[in-house]
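[1] Let's see this in three dimensions:
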Amino acid sequence: MASKKYHTEEERLEAIKASKRKYQQKWKDANPEYINAWRDQNKEKVREYSKTYEKVRRNVDPVYKFSRNIRCLIGGSFKRKGSIKPIKTEQVLGCSIEEFKNYIISKCPEGITLENFNRYGYHIDHIIPLASANSEEEIINLCHYTNLQPLWCKENLIKSDKIN
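    Numbers count the residues shown, from 1 in each chain. You can find the predicted model right below:
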């Protein structure tokens, strides 16, 4: 059997990686009970790996950081009202995370980027505050993207749960 010829070393390495990924996925699909048992026995390792991965990814990928922040914002909105988020974030928003990101950036003054959305830069503010919600349905309506706006941190803290 003749070995496969590649035009470049890069192509050869990519083919090896693809083959390895395919094998690993096939093995995972065939051994789910082993994987689950390993995770149960190594919860601390899994938790530490996830924590590290999350931290690194948030630092290098502003879109990922933005989407995680939005999910936490909406999940926290339900939690503060003593409820559990019943549907996916994109269903609550009424659009995809990408569409929401573009919507929020379009509402910002020129020059604002995703990197400005942090504790001391811009916040995502509810125009009609969540404090006015009395039911889960009202929380969902108030978390719709049309009720969200970018606001400077200082202004958002001053506004608090009032309607401007």
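[2] CA only for contacts and neighbour counts going forward, please
    Noted.
[3] For the host helix or strand of Gln25, what does the pLDDT average out to?
    Using DSSP states H and E, Gln25 maps to helix 9-30. Across helix 9-30, pLDDT averages out at 93.
[4] Next secondary structure after it?
    helix 32-41.
[5] how big is the angle separating that following helix from helix 9-30?
    90 degrees (axes from the mean of the first three to the mean of the last three Cα atoms, to 10 degrees).
[6] hmm, who's touching helix 32-41?
    Lys28, Val46 (Cα atoms under 8 Å, 6 or more residues apart in numbering).
[7] tell me the angle the helix or strand that that helix is followed by makes with helix 32-41.
    Going down the chain from helix 32-41, the next helix or strand is helix 43-60, by DSSP H and E. Here helix 43-60 points in a direction 90 degrees away from that of helix 32-41 (the same axes, to 10 degrees).
[8] returning to what we had before: how distant is the helix holding Gln25 from the center of its chain?
    Distance, stretch centre to chain centre, for helix 9-30: 28 Å (Cα atoms, centre = their mean, to the nearest Å).
[9] can you list contacts of that helix?
    With Cα under 8 Å, 6+ apart as the criterion, helix 9-30 contacts Tyr6, Ile35.
[10] how does it look with 6 Å?
    Tyr6 (Cα atoms under 6 Å, 6 or more residues apart in numbering).
[11] Ok, stretch 120-128 next?
    Contacts of stretch 120-128 (Cα under 6 Å, 6+ apart): Asn116, Phe117, Asn147, Leu148, Gln149, Pro150, Leu151, Trp152, Cys153, Ile163.
[12] All set, thanks.
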